[in-house]
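*Asks:* Dropping the sequence and predicted coords here.
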Amino acid sequence: DGGITQSPKYLFRKEGQNVTLSCEQNLNHDAMYWYRQDPGQGLRLIYYSQIVNDFQKGDIAEGYSVSREKKESFPLTVTSAQKNPTAFYLCASSMGYNEQFFGPGTRLTVL
Amino acid sequence: DQQVKQNSPSLSVQEGRISILNCDYTNSMFDYFLWYKKYPAEGPTFLISISSIKDKNEDGRFTVFLNKSAKHLSLHIVPSQPGDSAVYFCAASVASGTYKYIFGTGTRLKVLA
């Protein structure tokens, strides 16, 4: 049963803490992506990776970091430098520029 | 600079009628377009795509039209069903470039029973 999993579904963080969101795919896709969605807004690209051990900044990378050590995994760390981290985070994967498949999302709330 | 725009934040349609969702883009290099449907607190689901070599693509109740000269695409849903009520996003990419897509801000469709 192929797909993308994100964990946890809900995450609470205290101000000043780093937190890591997990994203795993078993679709054998080369590319993976992280997006952020805020209420009433579209999807904004944080980081993307087209191959293992390589990734590029998206439109809103400040305060975030990623790694791509394995093809299946693309974790996102929200650092304390991110000023407004409360949002819905979506991970996606694709084979090349074909359609992206999305995970169920993680809702991060800063307390 | 918003390269992909969905100028209607919301749309209401009667069940059984046609829903038309619009999307405009500014970058003439875009040559591959996607439409997604999204329910609250879930990830978007891919609906349909179109390449710039075509001006129309159909999949069941969903049809996407592309007007390259106007830099405009539209998604038609016929007939509309209450289960179609969701937020719809268009996305655009340069197929020969990176795998990066630019998403619009979405249109919330409400199908009234």
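*Replies:* That came in fine, so what should we check first?
*Asks:* Show me what from chain A comes close to chain B.
*Replies:* A:4, A:6, A:31, A:35, A:40-45, A:48, A:50, A:56, A:58, A:88, A:90, A:92, A:94, A:96-105, A:107 (C-beta under 8 Å from any C-beta of the partner chain). From N, CA and C alone the C-beta is placed, and that goes for glycine too.
*Asks:* show me what contacts residue B:72?
*Replies:* Counting by C-beta atoms under 8 Å, 6 or more residues apart in numbering or on different chains, residue B:72 touches B:22, B:23, B:24, B:25, B:66.
*Asks:* Distance check, the third one against residue B:7.
*Replies:* Read it as residue B:24. With distances taken as C-beta to C-beta, to the nearest Å, residue B:24 is found 7 Å from residue B:7.
*Asks:* If you count surrounding residues, which of the two has more?
*Replies:* More crowded of residue B:24 and residue B:7, by other C-beta atoms under 10 Å in any protein chain shown: residue B:24, with 18 against 10.
*Asks:* pLDDT below threshold where in chain A?
*Replies:* By pLDDT under 70, the low-scoring segments of chain A are A:1-2.
*Asks:* from chain B, which residue is nearest to chain A?
*Replies:* As assessed by C-beta to the nearest C-beta, chain A sits closest to residue B:43 within chain B, at 3.3 Å.
*Asks:* Which other helices and strands does the strand or helix carrying residue A:107 contact?
*Replies:* Assigned by DSSP states H and E, residue A:107 falls within strand A:106-110. On a contact count with 3 or more C-beta pairs under 8 Å, 6 or more residues apart in numbering or on different chains; DSSP states H and E, strand A:106-110 meets strand A:10-13, strand A:19-25, strand A:87-94.
*Asks:* Any of the residues of chain A next to chain B buried? List them.
*Replies:* The neighbour count (16 or more other C-beta atoms under 10 Å in any protein chain shown) marks A:4, A:6, A:31, A:35, A:42-45, A:48, A:50, A:58, A:88, A:90, A:92, A:94, A:97-103, A:105 as buried among the residues of chain A next to chain B.
*Asks:* Give me the subset of those lying in strands.
*Replies:* A:4, A:6, A:31, A:35, A:43-45, A:48, A:50, A:88, A:90, A:92, A:94, A:101-102 (DSSP state E).
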